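Enquirer: Pasted the sequence and its predicted model underneath.
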Amino acid sequence: MPNDFWVFGYGSILWKVDFPFAERSTAHIKGWSRRFYQGSVDHRGIPGSPGRVVTLIDSPKEICWGIAYRLSNDGIEDTLAALDYRERGGYDRLEIDLHLETGESVNGITYFASGDNPNYLGHAETSDIAQQIFGASGPSGDNTEYVFRLEQTLGEIGSPDDHVTDIANQLRQLKN
């Protein structure tokens with residue numbers, strides 16, 4: 001394994017960092033957008049009533065902000081095995097160029113749910129996505145919590161995401 005192995009988080013890995021790392025940096029990837037197109041039947045929903053979580057979609061003119069984690073050299077294989085298990089609901093590893101806040105570019109991985117996995121839900125109207133999220137809950141908690149934590153964390157790193165904010169605003173309306 002290389003000495004500098006980076007993992008890019010753009011969803012729950014932003015706030016639920018349950019793996020050891022040596023360094024973290026705000027970062028972005030080019031040519032991708034974050035969307036609530038992936039169904040979750042193992043974390044934020046259940047079989048028959050999936051929640052919705054984010055994945056990446058090919059968007060050539062866009063960038064997606066998140067956090068990059070440089071893994072510790074000790075136990076990289078164990079960390080990746082644990083991440084592979086965590087992301088087992090339709091995500092695969094994707095090698096990608098990460099652009100750190102320092103201006104440095106590094107090679108890393110992220111997890112990406114393609115449209116051909118069995119839990120992929122795809123595009124829907126913002127109101128329909130919010131309605132599905134509003135009623136979903138699973139072993140990792142309410143799906144609404146996921147959206148609000150994602151919105152909060154993106155705000156904390158200074159990189160709000162319009163799609164996430166639109167879904168969060170729809171959820172606030174549903175709560176009232």
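Expert: Arrived safely, thanks for sending.

Enquirer: Show me where this protein has its strands.
Expert: 6-9, 23-40, 51-70, 92-100, 105-112, 137-138, 141-142 (DSSP state E).

Enquirer: out of those, deepest packed?
Expert: strand 6-9 (a mean of 23; mean count of other C-beta atoms under 10 Å). C-beta coordinates here come from the backbone N, C-alpha and C atoms, glycine included.

Enquirer: can you put the strands of the chain in JSON lines and add mean pLDDT and distance to Asp128?
Expert: Output for the strands of the chain, formatted as JSON lines (pLDDT from 0 to 100; distance: least, C-beta to C-beta, whole Å):
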{"stretch": "strand 6-9", "mean pLDDT": "98", "distance to Asp128": "26"}
{"stretch": "strand 23-40", "mean pLDDT": "98", "distance to Asp128": "10"}
{"stretch": "strand 51-70", "mean pLDDT": "97", "distance to Asp128": "10"}
{"stretch": "strand 92-100", "mean pLDDT": "97", "distance to Asp128": "26"}
{"stretch": "strand 105-112", "mean pLDDT": "97", "distance to Asp128": "23"}
{"stretch": "strand 137-138", "mean pLDDT": "96", "distance to Asp128": "18"}
{"stretch": "strand 141-142", "mean pLDDT": "96", "distance to Asp128": "18"}
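
Enquirer: Would you mind putting those into CSV with distance to Pro160 alongside?
Expert: Formatted as CSV, those follow (distance: least, C-beta to C-beta, whole Å):
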stretch, distance to Pro160
strand 6-9, 16
strand 23-40, 11
strand 51-70, 9
strand 92-100, 18
strand 105-112, 20
strand 137-138, 25
strand 141-142, 21
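
Enquirer: Out of those strands, the one nearest Asp162 is which?
Expert: Ranking these by distance to Asp162, with C-beta to C-beta as the measure, places strand 23-40 first at 9.5 Å.

Enquirer: The closest one relative to strand 51-70, how many degrees between them?
Expert: For strand 23-40 against strand 51-70, the angle by axes from the mean of the first three to the mean of the last three C-alpha atoms, to 10 degrees is 160 degrees.
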